[in-house]
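Trainee: What shape does this take:
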Amino acid sequence: MRRKIFACFTCLVIVLVWSCGHNGSTKDLEGAENRILQQEDGTISLKLEKAVCYNDAVNPSNNTADWNVVISKPGRFKVWLSSSTKDTSDLSYANSVRISLLDDRLVADPACDKIVQNSGDVSYPYFRADSFMGSFYVSEPGEYNIQVISEKVIAETVGIQNTSLADDTKLMSVMLTPILR
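Mentor: Reported below is the predicted structural model:
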């Protein structure tokens, strides 16, 4: 009987020591608030205010926004760049916008491919202009990093401090929409 109690007690101590030292669940939760999850319809919406932004005061064309994205439904995605603008004929991007996912890089000059007049994302006198940038193929589910490089990437704190950066056009988000067969 003593052997059984000793064996149960030993197992209990081992389980307790292992569970106290095992912090895998908290490690999985670290940074969870910074991850963007794919929506049920397969769409991935990357808003600039949820990105980690890096601003280059010397060369603003190197301003960068990064998102960690969890893709549960892989496939081919159309990539759209959303901007708020006052001038729907010219978005006034001085340089091409670069968007990267893994080893794939899209480089394009944003154009007004779609104008959304009554978007809830912007208020008058601005309009939402969506620019088609290209497409990405993701072969496997998993966590990925998506990066945008453009002079229009302006962190909120920088934008508040420097009003000269306020422009007629502002980058708002990147949207990945699944291409269905």
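Trainee: which element is the spatially most central residue of the chain on?
Mentor: Using Cα atoms, centre = their mean, the residue of the chain that lies closest to the mean C-alpha position is Trp67, 3.4 Å off. Per DSSP states H and E: Trp67 is located in strand 64-71.
Trainee: Residues touching that strand, excluding its own?
Mentor: If you take Cβ atoms under 8 Å, 6 or more residues apart in numbering as the criterion, strand 64-71 is touched by 31, 34-38, 44, 46, 48, 50-54, 138, 141-149, 153, 171, 174. C-beta: built from backbone N, CA, C; applies to glycine.
Trainee: Now do the same contact list for Ser82.
Mentor: For Ser82, the contact set (Cβ under 8 Å, 6+ apart) comprises 121, 128-131, 171-175.
Trainee: Now that we have those residues, can you turn them into TSV and tack on pLDDT, secondary structure and distance to Leu106?
Mentor: Listed next are the contacts of Ser82 as TSV, based on pLDDT from 0 to 100; DSSP: H, G, I helix; E, B strand; the rest coil; distance: Cβ to Cβ, whole Å:
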residue	pLDDT	secondary structure	distance to Leu106
Asp121	81	coil	22
Arg128	92	strand	20
Ala129	92	strand	17
Asp130	94	strand	15
Ser131	95	strand	11
Leu171	92	strand	14
Met172	92	strand	17
Ser173	94	strand	15
Val174	97	strand	10
Met175	96	strand	13
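Trainee: Please consider this matter closed, and thank you.
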